[in-house]
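Participant: Structure of the sequence below:
(3 chains)
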Amino acid sequence: MDVQNLSISVGNNPIVRNVSFSIEAGKTLGIVGESGCGKSLTSLAIMGLLEGTQVRLTSGRVIFEGTDILKVSVSERRALLGSRMAMIFQEPMTSLNPVYRIGDQIVEMILQHEPVGRTAAMQRAADLLRRVRIPDPESRLKSFPHQLSGGMRQRVMIAIALASNPVLLIADEPTTALDVTVQAQILDLLEELKTESGMGVILISHDLGVIAQTCHSVAVMYRGQIVEACSTVELFANPLHPYTGGLIVSIPDAYSNVDELNAIPGRVPTIDERISGCAFHPRCHCAKDNCSTQAPQTIQRADHLYQCHYPLEASS
Amino acid sequence: MLAFTIKRILATVPTLIAASMLIFLFIHLIPGDPAAILLGDTATPEEIAVLTKQMGLDQPVYVQYLKWLTNLLQGDLGTSIFFQVPVLSVIADGAETSGFLALMTMIWIIVLGIPIGAIAATKHGTWIDQITSGAAMFAASVPTFWLGLYLILIFAVGLGWLPSSGYPSIFEEGGLANLRYLLLPSLTLAAPNAALIIRLVRASMLDVQREDYVRTARSKGLHPVRVAYKHVFRNALIAVAAAFGFTFAALVSEAVVTETVFSLPGIGRTVVQSILRRDYPVIQGVILVIVVLYMVVNLLVDLAYSWLDPRVSLK
Amino acid sequence: MMVRETPILETEKTRFLSNLLLPFRGRILASIGLAWLVLMAFFAIFAPWITPYDPLAIEPVARLTEPGATHFFGTDHFGRDTFSRCIYGARMALLIGLGTVFVSLTVGGFIGMVSAYFTRIGSVLMRVVDVLMAFPALLLALVLMTLFERSVINTIIVIGIVYTTTTARILYGMVLKLKNEVFVDAAICSGVGHTSILLRHILPNLISPLLVQASFIFAFAQLQAAALDFLGLGLPPEIPSWGNMLSESRIYVTRASWLLIYPGLLIILSVFSMNLVGDAARDSLDPRFKDDIAGV
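Facilitator: Presented below is the predicted three-dimensional model:
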């Protein structure tokens, strides 16, 4: 899938500007950034889940299997949802409908996209639960969401997403609301399932540690723009944007003696604040005069994209 | 489920006892001698003395209460002063009218309230939504008796389509066609309550629409109508079911007025007439029956609630 | 209420006023409702100077006169001027509404706050409220009216009692929520007394929701009072209230429909306006309390 120059705004405030990235089958793309930088909106826009809100797509193309899915009709779009592309969300506690049994919620997805009978679908649902490593799937099908733990619910969400073998899975902060030990299990599960099925995965997270574990390539977002994009290895070895540098340095290192956390100074500006020049300059330690007046262009160095006048050099 | 039901029934017992005490004490709150009030202005001192003895009014209050309660449990609600017949049979006389009126009103409320509210919610922000919510609030602002009088003026006096008052039993001549006598009263009674249900359905559907699981449903590629019906409406129904107990209370209050406007021989009009005639045993009896009914309705609402929402029965 | 940044020069008074009017920004219907209520209040206060006739003056020659130049809204079966009686009716409506709001908010507010704050007394008090709430509103009012004589003050007390239970229940819920907030813990930790916590830390947060609730109680009270009047158990019959006017003219409506229409429309428009105002005000409330309000 190829996302080109996607822009989103609420009213007259642009929230996401000219975001472009692409993702191949069998690969995982990480999108990282602080909360409020527009990464979730981007994923909702790709899925077409923004209708009925005040959020509007202002420009861009999303090429999926050869067609621009932002241009196809609403019903064609719906046919893609769930069957070719699926999504799992941040809040497993609230993302399942509390009044229906787990089995019915998985079956609903299967029946929507495949001409099978209910019994067969229920059988498939049990298989799916087994695939996401839920013990005793037959009896779990009859459970209500509130009878399961957060990690279990997220596994159910993954089972629903996988029901029709999508080629693209968008995971929006899939582990943020979970305990650390459960987080690792879910990430491992996603990794295994991706290898099994060969689908592409977009993993959205604010946690570089999570990205480092699972992704092939990374896009770093700040205030609605991708400020740096490259392979995961390259990003950690050789960050060019000062924001990325700050994110990497702020990961607490278990082996060094930490007296002080290295945080990036300042905060993410709110969407209605207008910032001239580079959006990051008020918080940047390498900012010079022209950073506040002139917005940096996207520069490509080998396979490494970045937006900065004064990139960090390989030495750091 | 059974344990929940039993627990819920037991929980109403203290409230029921307290309410019965209040209803019993009510006759003692009236300034003056209850026996004299019961017998009216023309009573002689001898008659008052006899009734005092007969009613046990010379005994301590708690003895009187226990005696009243024992009679109550045996189905004896006392005797009407005005009619000189058991209170229970006075209530039974009005039961058919009030029962059918309530039934027809409930049908109106459900048939009008729920779909209109749901449509307003799915068309949120459009002129359809604005007009329905505005109209619903307007309907909730109309006094019941005024609406009743106005409907009589239009449909009974003006157009002559429907009878303006009274209700012969369906067991008398006319049979089920006699229910047409209840058409205008039930519409009158339903209007403000349907309006409340419209606003409630709309508000709770809008709340549910913002839930994460609705987004999940949409991400499954479901048709919007299916999302609205299976996911949004089904969950919104939980809040609506909870409000039906409240609706019953409003219904009883307004039924008193409606039955008076349309001169229907129901329990509501009996209450008003008994109050005007100071027929205290009937007032006590009817109020008690209504309070018990109200509690039964609330019990049913709670059971419906736990059936609609699987999370409840666990608590 | 919404917090907005305001220039420092603005005085407290103007800010209070603009805050009060904030819910009406962009809401045409609610603004019209507010204007109607202001007009009704004006009529109520200046009734003797506005009315062309004495509302009680009987004029047998002019019985059941149709609306026209001499009598705007026509006359009733005693020849009394309907327009003048309607204007005086606004007085009764205002009196009943304000009286009911006062009784229910003070008594109900006190019971609710005390019950939520001192839980031991609270469990008993709220049980009493529960029992009273087991009686449908109008029925409770009807039964209470049999204990009293028909008078303005008794009508206010009776309707007030009915809404006292609702107010107590609502306030109970809201205070329970606030009790668990950090600022209350902070006040307790700094050694502030119970009364002071209730009055200086909890109550100020409840002013806006209480005002919203008051507008709905005002509206409900009109409907209840009208129903009591109609059943002959409300205000004394000689008092020109909208409900009494409808009650008396009931048997003449086929001949004189104006007797039904004018007082009825006045009740409807006033209740509708109050509901619109309450609805607009509720929308600008702190979302924590929105669901607590019992309104239309």
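
Participant: all helices in chain B, in order from the N-terminus.
Facilitator: Counting by DSSP state H, residue ranges of the helices within chain B are B:2-29, B:34-39, B:45-55, B:61-73, B:87-108, B:114-122, B:127-140, B:144-151, B:183-209, B:212-219, B:224-226, B:234-261, B:267-277, B:280-308.

Participant: In the stretch 51-200 of chain B, what residue comes closest to chain C?
Facilitator: B:Ser141 (3.9 Å; CB to the nearest CB). Just so you know, the C-beta spots here come from the backbone N, C-alpha and C atoms, and that holds for glycine as well.

Participant: So what's the residue count around that residue?
Facilitator: Burial measure for B:Ser141: 23 neighbouring residues, criterion other CB atoms under 10 Å in any protein chain shown.

Participant: Give the residue spans of the chain that score low on pLDDT.
Facilitator: Picking chain A for this. Flagging of chain A using pLDDT under 70 yields the residue ranges A:52, A:252-262, A:268-273, A:314-316.

Participant: was after chain C, sorry
Facilitator: Using pLDDT under 70, the flagged stretches of chain C are C:1-17.

Participant: what residue is smack in the middle of it?
Facilitator: Among the residues of chain C, the smallest C-alpha distance to the mean C-alpha position (CA atoms, centre = their mean) belongs to C:Phe218, namely 1.0 Å.

Participant: Which secondary structure element is home to that one?
Facilitator: Using DSSP states H and E, the element containing C:Phe218 is helix C:203-230.

Participant: In the chain, what residue spans correspond to helices?
Facilitator: Using chain A here. Shown for chain A, the helices assigned by DSSP H span residues A:39-47, A:74-80, A:102-113, A:118-131, A:137-140, A:150-162, A:180-197, A:208-214, A:232-237, A:242-249.

Participant: actually it's chain C I care about, not the one you picked
Facilitator: C:12-21, C:28-45, C:47-50, C:82-103, C:109-117, C:119-133, C:137-147, C:152-179, C:182-189, C:194-196, C:203-230, C:242-249, C:258-283, C:287-290.

Participant: A:Met85 is nearest to which of those helices?
Facilitator: Set against A:Met85 and scored by CB to CB, the helices of chain C come closest in helix C:287-290, at 34.1 Å.

Participant: can I get the CA coordinates of that closest one in PDB?
Facilitator: Included here for helix C:287-290 are C-alpha records, laid out as PDB according to Å, rounded to 0.1, in the frame of the first residue of the first chain:
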ATOM      1  CA  PRO C 287     -20.100  16.800  31.500                       C
ATOM      2  CA  ARG C 288     -19.700  15.000  34.900                       C
ATOM      3  CA  PHE C 289     -23.100  16.300  36.000                       C
ATOM      4  CA  LYS C 290     -25.000  16.300  32.800                       C
END
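
Participant: what comes up buried for that helix?
Facilitator: The neighbour-count check on helix C:287-290 (16 or more other CB atoms under 10 Å in any protein chain shown) flags C:Phe289 as buried.

Participant: Also stretch C:190-197?
Facilitator: If you call a residue buried by 16+ other CB under 10 Å, then stretch C:190-197 has these buried ones: C:Ile197.

Participant: One more: stretch B:213-227?
Facilitator: B:213-222, B:227.

Participant: do stretch B:291-303 as well
Facilitator: When neighbours are counted by 16+ other CB under 10 Å, the buried residues of stretch B:291-303 are found to be B:291, B:294-295, B:297-299, B:301-303.

Participant: Rebuild those residues as JSON lines, extending it with distance to chain A and pLDDT.
Facilitator: What follows is the buried residues of stretch B:291-303, written out as JSON lines (distance: CB to the nearest CB, whole Å; pLDDT from 0 to 100):
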{"residue": "B:Val291", "distance to chain A": "32", "pLDDT": "87"}
{"residue": "B:Tyr294", "distance to chain A": "27", "pLDDT": "86"}
{"residue": "B:Met295", "distance to chain A": "27", "pLDDT": "86"}
{"residue": "B:Val297", "distance to chain A": "23", "pLDDT": "87"}
{"residue": "B:Asn298", "distance to chain A": "22", "pLDDT": "85"}
{"residue": "B:Leu299", "distance to chain A": "21", "pLDDT": "86"}
{"residue": "B:Val301", "distance to chain A": "17", "pLDDT": "86"}
{"residue": "B:Asp302", "distance to chain A": "16", "pLDDT": "84"}
{"residue": "B:Leu303", "distance to chain A": "16", "pLDDT": "84"}
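
Participant: Of those residues, which is the nearest to B:Ala255?
Facilitator: Nearest to B:Ala255 among the buried residues of stretch B:291-303 is B:Tyr294, at 12.5 Å by CB to CB.

Participant: so where's the stretch 1-150 of chain B shaky on pLDDT?
Facilitator: When residues are selected by pLDDT under 70, those of the stretch 1-150 of chain B lie in B:1, B:31-32, B:38, B:40.

Participant: go on, the stretch 151-300 of chain B?
Facilitator: Within the stretch 151-300 of chain B, not a single segment meets pLDDT under 70.

Participant: Contact residues of it facing chain A?
Facilitator: Applying CB under 8 Å from any CB of the partner chain, we find that the stretch 151-300 of chain B lies next to chain A at B:211-213, B:215-223, B:230-231, B:234-235, B:238.

Participant: now with 6 Å?
Facilitator: B:212-213, B:216, B:218-222, B:231, B:234 (CB under 6 Å from any CB of the partner chain).

Participant: Just give me the closest of those residues to chain C.
Facilitator: Nearest to chain C among these: B:Asp212, at 17.6 Å, using CB to the nearest CB.

Participant: For the nearest residue to that closest one once chain neighbours are set aside, give its distance to B:Leu39.
Facilitator: Spatial nearest neighbour of B:Asp212, chain neighbours left out: A:Thr94 (4.1 Å); criterion: CB to CB, 6 or more residues apart in numbering or on different chains. To B:Leu39, A:Thr94 is 66 Å away according to CB to CB, to the nearest Å.

Participant: now B:Tyr213
Facilitator: As judged by CB to CB, B:Tyr213 and B:Leu39 stand 66 Å apart.

Participant: Just the closest residue of chain C to chain B, please.
Facilitator: Closest to chain B within chain C is C:Leu138: 3.3 Å, counting by CB to the nearest CB.

Participant: Tell me how many other residues crowd that residue.
Facilitator: By other CB under 10 Å, the residues close to C:Leu138 number 27.

Participant: hang on, the earlier thing: the residue nearest to B:Asp212: how many residues sit nearby?
Facilitator: Neighbour tally, A:Thr94, other CB under 10 Å: 17.

Participant: what's the answer for B:Ala177, then?
Facilitator: Using other CB under 10 Å, B:Ala177 has 10 neighbouring residues.

Participant: Is the residue nearest to B:Asp212 in contact with B:Val214, as I believe?
Facilitator: No - shown here, A:Thr94 and B:Val214 do not form a contact pair, counting by CB atoms under 6 Å, at 10.1 Å.

Participant: Contacts only, for the closest residue in space to C:Leu98 that isn't next to it in sequence.
Facilitator: Take C:Leu98 and drop its neighbours on the chain: the residue closest to it by CB to CB, 6+ apart is C:Phe218, 7.5 Å away. Applying CB atoms under 6 Å, 6 or more residues apart in numbering or on different chains, we find C:Phe218 in contact with C:97, C:101, C:274.

Participant: Filter those residues down to the buried ones.
Facilitator: When neighbours are counted using 16+ other CB under 10 Å, the contacts of C:Phe218 contain these buried positions: C:97, C:101, C:274.

Participant: correct me, but the second one touches C:Gln213?
Facilitator: Just to be clear, that refers to C:Val101. No - taking CB under 6 Å as the contact criterion, C:Val101 and C:Gln213 are not neighbours in contact, 8.9 Å apart.

Participant: Look up phi and psi at the residue nearest to B:Asp212.
Facilitator: phi -120, psi 0 (degrees, to the nearest 10).

Participant: ok, now the one 4 residues further on?
Facilitator: Backbone geometry at A:Pro98, expressed as degrees, to the nearest 10, gives phi -60, psi -20.

Participant: Contacts only, for it.
Facilitator: Here A:Pro98 is in contact with A:145, B:311 (criterion: CB under 6 Å, 6+ apart).
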